[in-house]
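Student: here is my input; please provide its structure:
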Amino acid sequence: MTPDPVTLAAALRNTLEDTARDFSSMPFFIRPMVRRGFANRTGRSLEEWQQLASALVLEVKPDTGPAQLRERHPRLREHLEQLAENYRTAPERASKGMGALAGTLQRVQEASRRREEAVRALIAWLG
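Tutor: Take a look at the predicted model:
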């Protein structure tokens, strides 16, 4: 079954909204550092990613093909790779900051895995 581009775009938007909620729940003094790191690793701020995802949700239709999206957003795949890699490596970064908080670390690992999968599904669809 071919993935639905509308669902994939919505999953990206939801992933980024989820990330924003996580950032907001962090201690106030840690947020700027986490946001800077995210932007450095992904090439865009969280807000820029959210704007892109919202634009894709509005732009993509069920009959939109990967080539059309690649044409409109030439570096999208490359940027998504950076985002997926950020999510893949998030548990390692979290373990350094959280130490022995096993339950919290497990939640970070699960959330990161889901987020990476959502981004990689869109990458796979883009071809």
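
Student: from here on, contacts and neighbour counts on C-alpha atoms
Tutor: Fine.

Student: surely Lys61 touches Leu8?
Tutor: No. Using Cα atoms under 8 Å, Lys61 makes no contact with Leu8, being 10.8 Å away.

Student: so for these two, which sits in the more crowded spot?
Tutor: Between Lys61 and Leu8, Leu8 has the larger neighbour count (other Cα atoms under 10 Å), namely 21 against 14.

Student: does that one count as helix, strand or coil?
Tutor: In three-state terms, and counting by DSSP: H, G, I helix; E, B strand; the rest coil, Leu8 is helix.

Student: what sits against it?
Tutor: Leu8 sits next to Ala118, Ala121, Leu122 when contact means Cα atoms under 8 Å, 6 or more residues apart in numbering.

Student: just the ones in strands from those, please.
Tutor: Using DSSP state E, no member of those falls in strands.

Student: buried ones among these?
Tutor: By neighbour count, with 16 or more other Cα atoms under 10 Å, the contacts of Leu8 hold Ala118, Ala121, Leu122 as buried.

Student: could you redo these as JSON lines and give each row pLDDT and distance to Arg72?
Tutor: Shown next, in JSON lines, are the buried ones among the contacts of Leu8 (pLDDT from 0 to 100; distance: Cα to Cα, whole Å):
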{"residue": "Ala118", "pLDDT": "97", "distance to Arg72": "21"}
{"residue": "Ala121", "pLDDT": "96", "distance to Arg72": "19"}
{"residue": "Leu122", "pLDDT": "96", "distance to Arg72": "15"}
